[in-house]
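A.B. asks: sequence and predicted structure, then a few things I'm wondering about:
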Protein chains: 2
Amino acid sequence: MSIVVIGGGVIGLSVAWQSQRAGLSVTVIDPQPASKASHVSAGMLPPGNEQLYGQPDLLKLCMTSRARIPSFFEELSEFGPTGFRRDGVLDAAFDEEALASLGRQQEWQEPQGVRTERLTAEECAKLQPAFAPALGGLFAPDDGAVDPRVLNATLLKAVEDLGGTVVRQRAVRVENHAVTLDNGDTVPYDRLVLSAGTWTHYIEGLPEGTIPEIRPVKGQILRLRSDTPLLNVTARALSKGKSLYLVPRLDGELVVGATYEERGYDTEVTAGGTNELLNRAAAVLPEVGTLRLAEMSVGLRPASPDDLPLIGPTNVPDVFLSTGHFRMGVQLAPVNADGMVAYLTDGTPSDAVAPFTPLRHN
Amino acid sequence: MSIVVIGGGVIGLSVAWQSQRAGLSVTVIDPQPASKASHVSAGMLPPGNEQLYGQPDLLKLCMTSRARIPSFFEELSEFGPTGFRRDGVLDAAFDEEALASLGRQQEWQEPQGVRTERLTAEECAKLQPAFAPALGGLFAPDDGAVDPRVLNATLLKAVEDLGGTVVRQRAVRVENHAVTLDNGDTVPYDRLVLSAGTWTHYIEGLPEGTIPEIRPVKGQILRLRSDTPLLNVTARALSKGKSLYLVPRLDGELVVGATYEERGYDTEVTAGGTNELLNRAAAVLPEVGTLRLAEMSVGLRPASPDDLPLIGPTNVPDVFLSTGHFRMGVQLAPVNADGMVAYLTDGTPSDAVAPFTPLRHN
C-alpha cells in the first residue's frame, strides 16, 4: 500500500518512517523538509507540565509518548545520531508561587509513574551552578531533550534509507487519490496523511470542513552559544507565573524559549520578543550576558480549533490528519507515529490516541 | 604624484577621493572595502557632546569638520546618494542629571556657533511622539546624520569614477616605497597613507614605533526596522549618565547604539550587549518592541594611545597616518580628508588638524 505524507516536519517524517517499518511504501512531499516549526523547536522532552493537569486525555497522550520515547530513539539510532539526552529535566522555582506549583506538579505526576525528586535551594545550586538562587526545584531524572535539527536530519535519512521518496515540491491539491504539486506533477496514493502544520488547511481539493483551520501561534526563540555548556541539564525556570525553558546542548548551544504570540503568519523576530527572552534569561542566569547570541528564530506552532492534536481519519476516505500538535510536536512524535501506523494499517489505535480523532470536530 | 592608501573605510576612502580632487593619483588597498567599523557605524553627525568640553583641540577638530560637512556631501553627491540628512539632532533628557547636562551643553556650544533650542517636555513629545515622556530636550536643527553604508558605497564609486584603483588584497608589508600584498604583488607609492583602523599597526616593515598601537574598542549596535520610521529625527536619549543614540532612516531603519567594551579583537554579538541596548531603547521608546530586529553587529573603534586621532606625517619619510578616530570616524572624515590633502600636497594643514600630528607620540 502506498502512503503519501504531505509535510516533512518532525510529525510527517516520523509517521513516514514508522509506516515504512510497518511495511508500507512511503512518499513525503515538502518543498523544504524540516525547515519550519520542527527546525526552530528547542526539543525539550519534559515529563509534562502543570497545564496537563485537568486535561486527562492530553496527559495520557503525553505519558504514552513519554514511555515510547526511549525505544523510538533507539530504533532511529540505527540511521544516525538523534541528539537525544535523558539526563533529567530540572524545574526550578524562583518565587513562592512557583515553589507551590512544584508540589502540585509532583502530586499529579506521581500516579503517572513519573519519577521526580524535590530539590532544596542548595541542591538546585549544586545541580545547576549557573543559576541565580532558586527557592527549590523538582528534578525528573528520566526525562531530557533532543536536538530537533539532528533528529530531523536522521528521520529524513531513515525515510530515504528505507526506500522512501522525498519530493521537494509544494503540494497544492488533492483529488482522485492523487496529490498535484506546484510543478504540475501528480503523485497518486492509496492513503494520504496531511501533516503540513499551520499550512495544512491550505491544501485544495477536499470538501469544505475536511481540514479544520490550523492556527499559527508564533514563538520566538533564541540560540546562545558558549565554548562549554553553561547549564548541566535541561531546565525550566518558573517565576511570575511563567516558564522559561533552557535547553543546553553538549556543544555549548543553549536554547532559550519562547514567546507565545497570536499574530497570524508573522515570522518576524522583534526587538520586544528578543528583549523579553533575554531579560527572563538574565533574571535566572546571571552570566547569560557573556554568551554569544548565535541565532534568533521564529516558529509557527500549529494549533487546531480546540488546541489539541488531530490524529486519525477524516470524512474523506483514505485521507488522514496528523497535525495540530501545537507546542508538543517533538514530544508527541512517537505516540503520534504509532497511532497513525495503526490507522494506516487498519489496526486499532491505542486508547491514548483514539480521543484525538479529527472526526471530533464534525 | 602617486598616493597609496591602506584601508578602505570611511577615513581611507574620503582621503583617497579628496586627494584625487587635488590632482593626486590614488590606489586604495583593502581586502574588503567598507566592511569594518565604517559599515557598522550609525552615522550620527551631532554637534559634539559633553565629553568634548574640556578637550579644546578635539572640540575644534569636530567643529571644523561640522562646518565642512555640508559642502563635503554636496561635492560627493555628484557621484551618487550620500544618505545625508540635516534635519536636526534631539538630545532628550530622561532624568534630572541629564536635564542639567543639557544646560551645560548649550553653554559651551553657543560660543562655537552651534545653533540649539531648549525644548520643554511638551515640545520633545511633539517633535518625537514615539518617545516616553522626557523632562526636556536640546534640539540642534543644523545637525543630522548620514547612512554610512550609502556614504561608503558612493565614496568607493567616486574613487573609481575619478580613475583611482581599488586593490582588494590585504597589505602585509611596507618597504622601499612599495606595499607588499598578501598575494605577493607589490604596489609602489610616492606617498603612503595608513588608514587601517585597529589593524594599522599590524602592517610590517616600518621601524618600531612608527605606528602606535591602535586599540580596538568593541561596539555592539542594533538595526531595527519598521514599515514607517518610528522617530522623526536623529536623537540621543540621556539617562543614568549614559547616552543612547537612535538614528532613524527614512526607509524605516532605526539604528540603536552602542556598547563600549574593551575586549580586544572580539567581534561576537553577545546576549548581554543586545539586551542592554534593547532595555535602554525600551525605556525611552515604549513601542520599540514591535520593531523587527533586523541586524546586530559589532564594530571595532580604532583608539590611539591617547584616544585622539592620528592625522599627518610619521618619522618615516612619505609615510602618513590617518586613523585612530575612535567613535568619530564618520563625523571627522571631512576635516581629516582636508588635513591629509594638505599634508600630501606639501601644503599647511589647518590649525584644527595640526595638533593631531602622529609625531606627538615621539
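C.D. replies: Okay, I see it.

A.B. asks: now the biggest helix by length in chain A - C-alpha only, PDB.
C.D. replies: Ranked by residue count, the top helix of chain A under DSSP state H comes out as helix A:56-76. Taking C-alpha atoms only, helix A:56-76 is exported to PDB below (Å, rounded to 0.1, in the frame of the first residue of the first chain):
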ATOM      1  CA  PRO A  56      -6.700  13.900  31.200                       C
ATOM      2  CA  ASP A  57      -6.700  12.900  27.500                       C
ATOM      3  CA  LEU A  58      -3.800  15.000  26.600                       C
ATOM      4  CA  LEU A  59      -1.900  13.900  29.800                       C
ATOM      5  CA  LYS A  60      -2.400  10.300  28.800                       C
ATOM      6  CA  LEU A  61      -1.200  11.100  25.200                       C
ATOM      7  CA  CYS A  62       1.900  12.700  26.600                       C
ATOM      8  CA  MET A  63       2.600   9.900  29.100                       C
ATOM      9  CA  THR A  64       2.200   7.300  26.400                       C
ATOM     10  CA  SER A  65       4.600   9.200  24.200                       C
ATOM     11  CA  ARG A  66       7.000   9.600  27.100                       C
ATOM     12  CA  ALA A  67       7.000   5.900  27.600                       C
ATOM     13  CA  ARG A  68       7.700   5.300  23.900                       C
ATOM     14  CA  ILE A  69      10.500   7.900  23.600                       C
ATOM     15  CA  PRO A  70      13.500   5.700  24.600                       C
ATOM     16  CA  SER A  71      12.600   2.800  22.200                       C
ATOM     17  CA  PHE A  72      11.700   5.300  19.400                       C
ATOM     18  CA  PHE A  73      15.200   6.900  19.600                       C
ATOM     19  CA  GLU A  74      16.800   3.500  20.000                       C
ATOM     20  CA  GLU A  75      15.200   2.400  16.700                       C
ATOM     21  CA  LEU A  76      16.100   5.600  15.000                       C
END
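
A.B. asks: tell me what that helix is packed against?
C.D. replies: Here helix A:56-76 touches helix A:10-21, helix A:148-161, helix A:329-344, going by 3 or more CB pairs under 8 Å, 6 or more residues apart in numbering or on different chains; DSSP states H and E. Where C-beta positions appear, they are placed from N, C-alpha and C, glycine not excepted.

A.B. asks: starting at the chain centroid, how far to it?
C.D. replies: From the chain centre to the centre of helix A:56-76 is a distance of 12 Å (CA atoms, centre = their mean, to the nearest Å).

A.B. asks: next, the angle from the host helix or strand of residue A:105 to helix A:56-76.
C.D. replies: Assigned by DSSP states H and E, residue A:105 belongs to helix A:96-109. Between helix A:96-109 and helix A:56-76, the angle comes out at 80 degrees (axes from the mean of the first three to the mean of the last three CA atoms, to 10 degrees).

A.B. asks: which helices and strands does helix A:96-109 pack with?
C.D. replies: Applying 3+ CB pairs under 8 Å, 6+ apart, one finds that helix A:96-109 contacts strand A:89-93, strand A:136-140, strand A:234-239.

A.B. asks: and the first one, what's its mean pLDDT?
C.D. replies: Pointing back at strand A:89-93 there. Averaged across strand A:89-93, the pLDDT comes to 98.

A.B. asks: how about that strand as CSV, C-alpha atoms only?
C.D. replies: C-alpha atoms of strand A:89-93 as CSV (Å, rounded to 0.1, in the frame of the first residue of the first chain):
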residue,chain,number,x,y,z
VAL,A,89,14.8,18.0,33.5
LEU,A,90,15.0,20.5,36.3
ASP,A,91,12.0,22.7,37.1
ALA,A,92,13.4,25.5,39.3
ALA,A,93,11.2,27.9,41.2
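
A.B. asks: just checking, what packs against it?
C.D. replies: Partner elements for strand A:89-93 (3+ CB pairs under 8 Å, 6+ apart): helix A:96-109, helix A:121-127, strand A:136-140, strand A:234-239.

A.B. asks: so in that sheet, which strands flank that strand, and in what orientation?
C.D. replies: Strand A:89-93 has the following sheet partners, assigned by DSSP bridges: strand A:136-140 (antiparallel), strand A:234-239 (parallel).

A.B. asks: re the thing from before, any idea which of the helices and strands packed on strand A:89-93 is most buried?
C.D. replies: Highest mean neighbour count among the helices and strands packed on strand A:89-93 (mean count of other CB atoms under 10 Å in any protein chain shown): strand A:234-239, with a mean of 26.

A.B. asks: can I get the following helix or strand past it in PDB? Just the C-alpha atoms.
C.D. replies: For strand A:234-239, the following helix or strand on the C-terminal side (DSSP H and E) is strand A:242-248. Output in PDB follows, covering the C-alpha atoms of strand A:242-248 (Å, rounded to 0.1, in the frame of the first residue of the first chain):
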ATOM      1  CA  LYS A 242       5.700  31.900  33.600                       C
ATOM      2  CA  SER A 243       8.000  29.200  32.500                       C
ATOM      3  CA  LEU A 244      11.200  29.900  30.600                       C
ATOM      4  CA  TYR A 245      12.800  26.800  29.100                       C
ATOM      5  CA  LEU A 246      16.500  26.500  28.800                       C
ATOM      6  CA  VAL A 247      17.800  23.600  26.800                       C
ATOM      7  CA  PRO A 248      21.600  23.100  26.800                       C
END
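
A.B. asks: for residue A:283, helix, strand, or coil?
C.D. replies: helix (DSSP: H, G, I helix; E, B strand; the rest coil).

A.B. asks: if we can go back for a sec, now render the helices and strands packed on strand A:89-93 as a markdown table, adding mean pLDDT.
C.D. replies: Formatted as a markdown table, these follow (pLDDT from 0 to 100):
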| stretch | mean pLDDT |
| --- | --- |
| helix A:96-109 | 94 |
| helix A:121-127 | 98 |
| strand A:136-140 | 98 |
| strand A:234-239 | 97 |
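
A.B. asks: surely residue A:358 meets residue A:308?
C.D. replies: No: using CB atoms under 8 Å, residue A:358 makes no contact with residue A:308, being 10.4 Å away.

A.B. asks: okay, the two: which has more neighbours?
C.D. replies: Neighbours per residue (other CB atoms under 10 Å in any protein chain shown) separate residue A:358 from residue A:308, with residue A:358 holding more: 24 against 19.

A.B. asks: contact partners for that one?
C.D. replies: A:212, A:310, A:311, A:312, A:313, A:314, A:320, A:321 (CB atoms under 8 Å, 6 or more residues apart in numbering or on different chains).

A.B. asks: the helix holding residue A:105: what's the following helix or strand?
C.D. replies: With DSSP H and E, the next secondary element past helix A:96-109 is strand A:117-119.

A.B. asks: next one: that next one to chain centre, how far?
C.D. replies: 26 Å.

A.B. asks: for it, buried residues please.
C.D. replies: Applying a neighbour-count criterion of 16 or more other CB atoms under 10 Å in any protein chain shown, one finds residue A:119 buried in strand A:117-119.

A.B. asks: still on that earlier bit, who touches the helix holding residue A:105?
C.D. replies: A:47-50, A:52-53, A:59, A:91, A:93, A:116, A:118, A:135-138, A:140, A:238-241.

A.B. asks: chain B is nearest to which of the helices and strands packed on helix A:56-76?
C.D. replies: Ranking the helices and strands packed on helix A:56-76 by proximity to chain B (CB to the nearest CB) places helix A:148-161 first, at 20.4 Å.
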